[in-house]
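Q: Here is a sequence together with a model predicted from it:
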2 protein chains.
Amino acid sequence: MTKRKDDVCEVFCINEGKVASARASMKPDGTVFRLAAVFKVLGDPTRTRIISALLQEELCVCDLACLAGISPSAVSHQLRVLRNMNLVKYRKEGRIAYYSLDDDHIASILTAGLKHVEE
Amino acid sequence: MTKRKDDVCEVFCINEGKVASARASMKPDGTVFRLAAVFKVLGDPTRTRIISALLQEELCVCDLACLAGISPSAVSHQLRVLRNMNLVKYRKEGRIAYYSLDDDHIASILTAGLKHVEE
DNA sequence: CTTACATATGAATACATGTTCATATATAAT
DNA sequence: ATTATATATGAACATGTATTCATATGTAAG
């Protein structure tokens, strides 16, 4: 196998035209990367469960820990990940932090995913 | 910290009522798990790019390798992952395998995700 | 001012995962 | 038949990641 690592595209594409047009109509790399990042964050069972629970109503860390069946510490770690991706937001009431979905798109993504999963 | 690992839920929930109702309205564990699995599969930049390219038209392994900028071998591995999750299907034409999205839900999921990413 | 509690966070460990490399299979061409 | 090509696959390695544990922060209560 002596394919050169660079310019693989130019030389080894089978349908250069299709590749060129596909490339032209694709979202920019940054967008694809951020999209992947969002899906990756949603792609952990614990976090999916958390988001799924928050579809109904806001919940505090402890309650989410109950629902997910893991320690509050683990939930807190995961909530930070979700926060960093702008998937959840929270409000503080005393020492209790109530988390909720950050915007309506999140529910749409979940719903679309469920349609595929539930066939 | 002397919290028992079992029955954490019963003892340490702050709002038992909210937790109970959230639990009742949540999808079964199996569904949540499969949903997470779908998102996890979509959560890799290479696979997101592949799916994104296939939104336009079917493409063969080599062309996808060009678009993703990785080896055909790596693409083939990823295509198997996507196949296992029923996200893509393929038809053979001679020795060339043309891949396409398996159903319309996939596009919906991508679109919903893009709305969040593009704000 | 302590004490208790809800949450957050850093470090460490155990586990999963994506790519590469080598090789296999299958189909077309010579 | 032999060679070239398109794809598939197994093993290995390197990297990433989710949980746990220990600890820190901040808030309410005694």
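A: Yep, that arrived.
Q: Tell me how far A:V61 lies from A:L114.
A: 25 Å (Cβ to Cβ, to the nearest Å). All C-beta spots, glycine's among them, are computed from the backbone N, C-alpha and C.
Q: How many residues are close by the nearest residue to A:L67 once chain neighbours are set aside?
A: The shortest distance from A:L67 to any non-neighbouring residue, by Cβ to Cβ, 6 or more residues apart in numbering or on different chains, is to A:A53 (5.1 Å). For A:A53, the tally of surrounding residues (other Cβ atoms under 10 Å in any protein chain shown) stands at 24.
Q: Isn't A:A53 up against A:A65?
A: No. Judged on Cβ atoms under 8 Å, A:A53 makes no contact with A:A65 at a distance of 10.9 Å.
Q: Next to DNA strand D in this structure, residues from chain A, please.
A: A:12, A:14, A:40, A:44-46, A:70-71, A:73-74, A:77-78, A:81, A:92, A:94-95 (Cβ under 7 Å from any atom of the strand).
Q: And the average pLDDT for whichever helix or strand A:R23 is part of is what?
A: Using DSSP states H and E, A:R23 falls within helix A:16-25. In this model, helix A:16-25 has a mean pLDDT of 89.
Q: Can you classify the closest residue to A:S21 other than its chain neighbours by secondary structure?
A: Nearest residue to A:S21, sequence neighbours excluded (Cβ to Cβ, 6+ apart): B:Q56, at 7.2 Å. Here B:Q56 is coil, with the state taken from DSSP: H, G, I helix; E, B strand; the rest coil.
Q: ok, B:Q56 - contacts?
A: Residues near B:Q56 by Cβ atoms under 8 Å, 6 or more residues apart in numbering or on different chains: A:21-22, A:25-26.
Q: part of a helix, is A:A97?
A: No. Applying three-state DSSP, one finds A:A97 to be strand, outside a helix.
Q: those strands in chain A, which residues are they?
A: Counting by DSSP state E, chain A has strands at residues A:59-60, A:88-93, A:96-101.
Q: do you know how far A:V41 is from A:T48?
A: Taking Cβ to Cβ, one finds A:V41 at 10 Å from A:T48.
Q: let me fix that: A:V81
A: For A:V81 relative to A:T48 (Cβ to Cβ), the value is 12 Å.
Q: A:H105 now?
A: As judged by Cβ to Cβ, A:H105 and A:T48 stand 16 Å apart.
Q: between the two, who's got more neighbours?
A: Under the neighbour definition other Cβ under 10 Å, A:H105 and A:T48 were set side by side, and A:T48 has more, 26 against 20.
Q: returning to what we had before: right, and the strands of chain A - which one's nearest chain B?
A: strand A:59-60 (5.5 Å; Cβ to the nearest Cβ).
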